[in-house]
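Asks: Sequence and computational prediction follow.
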Amino acid sequence: MIAELPQSIVLASADIADLAEIELNCRLNPNLPFTLADHLHFAGERLKNGINLTNPIAYDIRHLYPKEAALADQALQILQEQTGLALPQEEAVNVAMHLINAEAESGDLQSVLMTMKILSDVEAIVERCLQIKLDKNSYHYSRFVMHLRYLINRLASDTQTEERGADMLRTLAREYPSIYLCAREVADYFDKTWHWRCNDEEVLYLMLHINRVQERNQ
């Protein structure tokens, strides 16, 4: 692979991988410089041929993995400075996917795809229940997505928060019945689809974040 790739792109990819290990503070798959170089070279060839592919999961990646997305933006700058190859900004999400997949030694792309599917399903539930269209550029949406990401990690590892908010949940359920029903439907989705049971504390947190995104949309 190395023999067929421009040396400048391989070296730039190695610098990007080094920067990523420092910024993410974790061990990355040692193959990253080569797989990333191969992708960037191919992206350059596509650009020459006038082919620009858009990524439908760009919003989800940027909200779920803000550190990796920011590093991907830097990666495009490093690539341009060292090789003169200026890729379109849309290509950053593909670079971010390479970083995400390399964060575990073996790469855990399946976990990334599962998280994005769950996010999409939960968004659809919230929009249907509350009859709103989520503003994906809003700060509250970013907070909502980040909460979902941590919630998924807790549910998948069976390490939920301690149940202490049952009284508050009952109070808020009476004051905000539509938000409560929406949060319950999300919790039912986790139970029926993924066999993860949300306790009352997690439902309470869901209510708070769903209420924030609804207020923003109103």
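Replies: Yes, it's here.
Asks: What ranges does the chain have for its helices?
Replies: 7-24, 32-48, 58-64, 66-83, 92-102, 109-130, 139-157, 166-175, 177-194, 200-217 (DSSP state H).
Asks: Which of those helices sits closest to Met1?
Replies: helix 32-48 (5.6 Å; CB to CB). Quick note: C-beta positions are derived from backbone N, CA and C, even for glycine.
Asks: what is the orientation angle of that closest one with helix 92-102?
Replies: 160 degrees (axes from the mean of the first three to the mean of the last three CA atoms, to 10 degrees).
Asks: tell me what helix 32-48 is packed against?
Replies: Using 3 or more CB pairs under 8 Å, 6 or more residues apart in numbering; DSSP states H and E, the elements in contact with helix 32-48 are helix 7-24, helix 92-102.
Asks: just checking, which of those helices comes out with the lowest mean pLDDT?
Replies: Out of those, helix 92-102 stands lowest, with a mean of 89 (criterion: mean pLDDT).
Asks: That one: how far from the chain's middle?
Replies: Centre-to-centre, helix 92-102 and its host chain are 11 Å apart (CA atoms, centre = their mean, to the nearest Å).
Asks: let's number from 620 now, not from 1
Replies: OK, 620 is where the count begins now, so the last one is helix 711-721.
Asks: can you pull the contacts of Ala705?
Replies: Leu695, Gln699 (CB atoms under 8 Å, 6 or more residues apart in numbering).
Asks: Can you give me the pLDDT of the closest residue to Asn671 other than its chain neighbours?
Replies: Leaving aside its chain neighbours, Asn671 sits nearest to Pro707 (5.9 Å; criterion: CB to CB, 6 or more residues apart in numbering). Reading off the confidence values, Pro707 has pLDDT 92.
Asks: Let me have the helices of the chain in JSON lines, adding mean neighbour count as columns.
Replies: As requested, the helices of the chain are exported to JSON lines (neighbours: other CB atoms under 10 Å):
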{"stretch": "helix 626-643", "mean neighbour count": "18"}
{"stretch": "helix 651-667", "mean neighbour count": "18"}
{"stretch": "helix 677-683", "mean neighbour count": "19"}
{"stretch": "helix 685-702", "mean neighbour count": "18"}
{"stretch": "helix 711-721", "mean neighbour count": "23"}
{"stretch": "helix 728-749", "mean neighbour count": "16"}
{"stretch": "helix 758-776", "mean neighbour count": "17"}
{"stretch": "helix 785-794", "mean neighbour count": "13"}
{"stretch": "helix 796-813", "mean neighbour count": "17"}
{"stretch": "helix 819-836", "mean neighbour count": "19"}
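Asks: how does the protein divide into domains?
Replies: With domains defined by automatic domain parsing, the chain comprises 621-721, 728-836.
Asks: distance between the ends of the first one?
Replies: Between the start and the finish of domain 621-721 there is a gap of 19 Å, counting by CA to CA, to the nearest Å.
Asks: quick one on the thing from earlier: now tabulate the helices and strands packed on helix 651-667 in JSON lines and tack on distance to Phe809.
Replies: JSON lines is the format used below for the helices and strands packed on helix 651-667 (distance: least, CB to CB, whole Å):
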{"stretch": "helix 626-643", "distance to Phe809": "28"}
{"stretch": "helix 711-721", "distance to Phe809": "23"}
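Asks: Do I have it right that Val712 meets Glu687?
Replies: No. Counting by CB atoms under 8 Å, Val712 does not reach Glu687; the two are 9.6 Å apart.
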